[in-house]
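Chemist: next one to model:
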Amino acid sequence: MRRLTCLTLVFLLPLSTRAWRAYNDLCYTNGQTTAANVTKYTSDRGNGSIYQMFGNSGPLIDFDTGTNLSVTVTVTGAGPAIPAQGSSTLNGDAAMYFAGIVDCKGNYSYGTPATNHTMHFYNLDPGEQYSLVYYVNRGSYTTRRVLGTLQGADSFINSSSAGIVYSGPYDPSARQMNTINTTEGYVMHWSMISPGSDGQIALSVEDNRSAASNYPYGSAFMIQTQPPPFVRVQVAASEDDAEERLDTGAVDLTSSDLELIRDATNLVVGMRFSDIQILQAVTVTAAYVQFTANEVQSNAVSLTIWGQAADNAPAFTTAAGNISSRPTTTNSVVWNPPDWNTVDEAGPAQRTPDISPVIQEIIGRPGWDLGAAIVLLVKGPGDTANKRTARSWNQGTHSMGPILHIEYVGATPDAGTLIQISATEPLTHGPPAPVIPR
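Modeler: Below you'll find the model as predicted:
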């Protein structure tokens, strides 16, 4: 019997010196737009005329280099597998991890309740830590939920989307999620995973043990060496994103989109990200803003991004000139966004270049404190044709407004709760590791 104890960490453990990330599409559908260097291992089941089968076992591929890793995966399934199609639209955390890489349209239902599918990972380095992200979106069946359980790890942190909950007090390794997941974009996520001396972990996905109509589903997973700590904050209110006309100074807090950077006249756009949980004494290694496309646009445009030079930037108001009158950072970053080809797309094309010099300047201010707010300003030579139009907080369900992503090294305010697992014997969680030709 494994004994579970909890320990709260204040500092993250050392990061990997050999970073990699790998993606796998669990149910590749004909016509999907899955990127190169993504494996497609799945269980030995499916309709080959619609869903392409690529075997159930093999080496993972380093997504960024295209080289085979020594880490391998074997996907097993219990019960008949029924391929289905959900939505290829990715939002929220799902977009952060999978947009532009795996469209996650295909998914498997493992036939009947009380069945499961399991991803067995082998040859992990016992001295490293890893992050594992799992996503599914069936797109229908409102009552169905899936239960994912991490097995075989010595320790880990549950880092899943806020809408995902513990399955119950009996197993802190497990999380459950609704299979209707297009709008929310929830992911199951275990971080800082220590695989233990055998270098193995497994993720088992099953029905949620409570309803006869439930089935386990699978769409895609991503595993990587533990990345640097990061925060990800979305605009949270109408007064957190705004447009200002530069000819009159009039400020609009309620527009359903953000015109970058002209509407009827030239504009300056402001975005405020509150409650930034970063301490002052850190080094920002990467930062960007993720937008969601509101229109299809392809003309060349040049934008410049500044920050507000403030210790804790206030929300926007309708006072004339409230955006343009704010003092700006010394650092700025030029962005020449590529074409935006699809409405509601939130991928690399809608992502700014690295703005870490701007963020570092703000966080490095003497008056910066944990939980303060950052304002970013977007300016540029406006043109009625040459612009990009992004979703604002005011549109729809308020889930597609700008998101600020910051990665850093240094002290963290609270890395989360580390689940420490002790055992007198290894956990059995799958078949022997396959022999992979080198």
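Chemist: so Gln360 lies in a helix, does it not?
Modeler: Yes. Counting by DSSP: H, G, I helix; E, B strand; the rest coil, Gln360 is located in a helix.
Chemist: can you pull the contacts of it?
Modeler: Counting by CB atoms under 8 Å, 6 or more residues apart in numbering, Gln360 touches 283-284, 331. Placement of C-beta: from N, CA and C, glycine included.
Chemist: next step: these restricted to helices.
Modeler: Judged by DSSP state H, helices contain none of the contacts of Gln360.
Chemist: where does the prediction get shaky in this structure?
Modeler: The model of the chain has pLDDT under 70 over residues 1-18, 30-31, 44-53, 78-88, 106-115, 138-145, 165-183, 207-217, 382-385, 411-438.
Chemist: with adjacent residues omitted, what lies nearest to Val289?
Modeler: Once flanking residues are discounted, Val289 sits nearest to Thr352: 4.7 Å by CB to CB, 6 or more residues apart in numbering.
Chemist: tally of neighbours for the one you found?
Modeler: 22 (other CB atoms under 10 Å).
Chemist: what do you get for the one 4 residues further on?
Modeler: Other residues within reach of Ser356, judged by other CB under 10 Å, total 20.
Chemist: try Asp247
Modeler: What Asp247 shows, counting by other CB under 10 Å, is a neighbour count of 10.
Chemist: quick one: it is in a helix?
Modeler: No. Using three-state DSSP, the assignment for Asp247 is coil, not a helix.
Chemist: so which residues of the stretch 251-400 of the chain form helices?
Modeler: Assigned by DSSP state H, counting those that start in this stretch, the helices in the stretch 251-400 of the chain fall at 356-363.
Chemist: scratch that, the stretch 1-150 of the chain
Modeler: For the stretch 1-150 of the chain, the helices defined by DSSP H, counting those that start in this stretch occupy 92-98.
Chemist: now do the strands in the stretch 301-438 of the chain.
Modeler: 303-308, 328-335, 374-379, 388-391, 403-410, 416-422 (DSSP state E, counting those that start in this stretch).
Chemist: and Trp20, which of those is closest to it?
Modeler: Nearest to Trp20 among these is strand 403-410; the distance by CB to CB comes to 16.3 Å.
Chemist: tell me the strands beside the closest one, with direction?
Modeler: According to DSSP bridges, strand 403-410 forms sheet pairs with strand 230-234 (antiparallel), strand 282-290 (antiparallel).
Chemist: ok, Val205 - how many residues close by?
Modeler: The number of residues packed near Val205 is 25, by other CB under 10 Å.
Chemist: just list whatever residues bridge to it.
Modeler: His117, Gly148.
Chemist: which of the three states applies to the closest residue to Ser131 other than its chain neighbours?
Modeler: Leaving aside its chain neighbours, Ser131 sits nearest to Ser191 (4.6 Å; criterion: CB to CB, 6+ apart). Recorded secondary structure, Ser191: strand (three-state DSSP).
Chemist: ok, Ser191 - how many residues close by?
Modeler: Ser191 is flanked by 22 other residues according to other CB under 10 Å.
Chemist: residue contacts, it?
Modeler: Residues in contact with Ser191 (CB under 8 Å, 6+ apart) are 131-132, 156-157, 159, 226, 416.
Chemist: which parts of this protein belong to which domain?
Modeler: Here the domain parsing of the chain from automatic domain parsing is 17-225, 231-410.
Chemist: Leu150 - how many residues pack around it?
Modeler: Neighbours of Leu150 (other CB under 10 Å): 24.
Chemist: typo on my end, it should be Ala286
Modeler: Using other CB under 10 Å, the number of residues around Ala286 comes to 15.
Chemist: partners of it in the sheet?
Modeler: Taking DSSP bridges as the rule, Ala286 bridges to Glu407.
Chemist: gap between it and Pro227?
Modeler: Taking CB to CB, to the nearest Å as the measure, Ala286 falls 10 Å from Pro227.
Chemist: ok, Asp240 next?
Modeler: Noted for Asp240: a distance of 27 Å to Pro227, by CB to CB.
Chemist: of the two, who's got more company?
Modeler: Neighbour tally, Asp240 and Pro227, criterion other CB under 10 Å: the higher count belongs to Asp240, 23 against 17.
Chemist: residue contacts, the more buried one?
Modeler: Residues counted as contacts of Asp240 (CB under 8 Å, 6+ apart) are 271-274, 315-316, 393, 401.
Chemist: how about Ser204?
Modeler: Taking CB under 8 Å, 6+ apart as the criterion, Ser204 is in contact with 116-118, 148-149, 151, 429.
Chemist: 6 Å instead?
Modeler: Applying CB atoms under 6 Å, 6 or more residues apart in numbering, we find Ser204 in contact with 116, 118, 149.
Chemist: count the neighbours of Tyr41 for me.
Modeler: The criterion is other CB under 10 Å. On that basis, Tyr41 has 22 neighbouring residues.
Chemist: shouldn't it be in contact with Thr76?
Modeler: No. The pair Tyr41 / Thr76 is not scored as a contact, 10.5 Å apart, by CB atoms under 6 Å.
Chemist: look at the residue lying closest to Ala315 once chain neighbours are set aside and say how many residues are nearby.
Modeler: Spatially, and ignoring its direct neighbours in sequence, Ala315 is nearest to Glu239 (4.2 Å; CB to CB, 6+ apart). Each residue near Glu239 was counted by other CB under 10 Å, and the total is 19.
Chemist: correct me if wrong, but Glu239 is in a strand.
Modeler: No. Assessed with three-state DSSP, Glu239 is helix; it does not lie in a strand.
Chemist: from Leu203, how far out is it?
Modeler: As judged by CB to CB, Glu239 and Leu203 stand 41 Å apart.
Chemist: name every strand pairing with the longest strand anywhere in the chain and say which way it goes.
Modeler: The strand that spans the most residues within the chain, counting by DSSP state E, is strand 68-78. Strand pairing for strand 68-78, using DSSP bridges, gives strand 57-61 (antiparallel), strand 116-122 (antiparallel).
Chemist: who's in contact with the residue nearest to Val289?
Modeler: Taking CB under 6 Å, 6+ apart as the test, what Thr352 contacts is 288-289, 335.
Chemist: just the terminal-to-terminal distance for stretch 97-117.
Modeler: The first and last residues of stretch 97-117 sit 22 Å apart, counting by CA to CA, to the nearest Å.
Chemist: scratch that, stretch 299-311
Modeler: Start-to-end span of stretch 299-311 (CA to CA) is 36 Å.
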